[in-house]
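Visitor: Coordinates for the following, if possible.
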Amino acid sequence: MRTLADLAKQQGIELQTFLNRALHKKAGYPAPISSPGARALLFDGGQIDAHLTGRPVPPLRSEDDDQEHEDADLLDRREAAAVLGVVPDSWRVYKSAPLLTEHMVTVGGIEHWPRGIVHRYRDTRPGRTAATGRPTGSGDQVPRDELLPRTAPLLDADPTITATAVVEQLGVTRSTAQGALTRLRADRIADLVEEQPELSPDEAAAALGYPPALARRATARAVTVLRARAATPYLDDVAAAAHRAGWTTTETAPTVQLPTDDHIVAALVLDAETAPAPALVWDEGAGWRTATSRRHPIARGAAVPPESDDVRYLATGTTPPPAALIAALSA
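Guide: Down below sits the predicted model:
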């Protein structure tokens with residue numbers, strides 16, 4: 001999905017100029033895919049690329065496609081509420097359910113949920129029987145560390161494979177299958193963009209044979225993966241500085257995590273006896289802070305804790321020079 005700012009950037013003009021010219025309202029321009037009344041207009045990347053290059057604009061997938069690609073189509077709060085048959089304002093209550101929280105995706109600053117996840121939540125609420133997938137509460141038959149290696153060959157053999165097919169072949173839950181496919185597709189999209197920088201993530205996904213309906217979440221995650229890779233040299237420099245300060249026994253690279261498809265955090269455990277804190281945590285939005293636990297330095301959901309006697313926010317900006325960070329932690 002793309003925002004108005006994305007469209008303006010793609011055409012090489014300022015957002016205000018794009019809006020003043022109302023280019024998105026010109027005849028033949030693809031219509032927004034956001035729901036009526038949505039706070040932000042969103043557009044399908046494949047349709048936009050086709051329009052700007054003079055190719056036929058592909059149709060959007062329809063509600064009838066839901067059974068085949070049920071985990072790929074993203075719904076905003078209005079559309080998700082409509083699936084449950086409730087008013088949009090009521091969605092804030094339902095969206096706190098663990099299944100929905102786990103699969104929430106932020107696109108253009110707007111929360112979205114995969115259509116299939118919303119349908120599964122609707123069908124498995126108390127008093128309802130699961131309509132698809134494995135029985136509610138059943139576990140995965142594949143160990144976590146084997147999931148990606150066993151899913152990758154299935155994606156190699158069929159770029160259009162769905163979560164349903166992975167469930168059938170590996171005996172895992174639907175959410176586990178969808179998560180594995182998203183991670184694999186995102187990493188491969190990012191790999192191709194690094195090899196061919198002229199490609200957008202949407203174009204890379206198409207080149208890899210991933211249908212737009214199956215690649216939307218992976219494409220969004222790929223953008224975050226690329227940011228994480230770009231941040232790695234800086235994080236390595238911080239780790240080296242911490243080691244020179246005598247706070248780590250080995251020069252170990254920070255552990256980078258993507259708790260959500262659009263958020264990057266990293267943890268650096270300070271395992272030396274002279275270390276001023278058990279660990280450091282870097283949040284791409286909040287910068288560096290100390291952590292109270294070496295075992296679990298990153299809180300569940302990558303929640304950003306308030307500053308306290310035990311949690312200090314360090315230096316200025318999100319990427320201070322390593323020397324400035326060391327100095328701030330030594331103070």
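
Visitor: give me phi/psi at the most centrally placed residue in the chain?
Guide: Nearest residue to the geometric centre of the chain (C-alpha atoms, centre = their mean): D261, 1.0 Å. Per-residue torsions, D261: phi -70, psi -10 (degrees, to the nearest 10).

Visitor: swap in the one 3 residues further on?
Guide: As for I264, its main-chain torsions (degrees, to the nearest 10) stand at phi -120, psi 130.

Visitor: Isn't it up against V281?
Guide: No: between I264 and V281 there is no contact under C-beta atoms under 8 Å: 11.4 Å. Yep, even glycine has a C-beta here, placed from its N, CA and C like the rest.

Visitor: Need the pLDDT of I110.
Guide: pLDDT, I110: 77.

Visitor: Is it bridged to anything, and to what?
Guide: Per DSSP bridges, the residues bridged to I110 are V107.

Visitor: Before we go further, H112 is sitting in a strand, right?
Guide: Yes: counting by DSSP: H, G, I helix; E, B strand; the rest coil, H112 is located in a strand.

Visitor: List the residues that contact it.
Guide: Shown in contact with H112 (C-beta atoms under 8 Å, 6 or more residues apart in numbering): M1, L74, L75, D76, M104, V105, T106.

Visitor: Now it. Nearest residue, chain neighbours left out?
Guide: Leaving aside its chain neighbours, H112 sits nearest to L74 (3.9 Å; criterion: C-beta to C-beta, 6 or more residues apart in numbering).

Visitor: before we move on, back to that, correct me, but the residue nearest to the centre of the chain touches A222?
Guide: No: look at D261 against A222 with C-beta under 8 Å: they stay out of range, at 9.1 Å.

Visitor: Skipping its backbone neighbours, what lies nearest the residue nearest to the centre of the chain in space?
Guide: Nearest one to D261, counting by C-beta to C-beta, 6+ apart, is R221 at 4.1 Å.

Visitor: tell me what the helix or strand containing that neighbour is packed against?
Guide: Following DSSP states H and E, one finds R221 within helix 212-244. On a contact count with 3 or more C-beta pairs under 8 Å, 6 or more residues apart in numbering; DSSP states H and E, helix 212-244 meets helix 45-52, strand 105-107, helix 174-195, helix 201-207, strand 255-260, strand 263-269, strand 279-283, helix 322-330.
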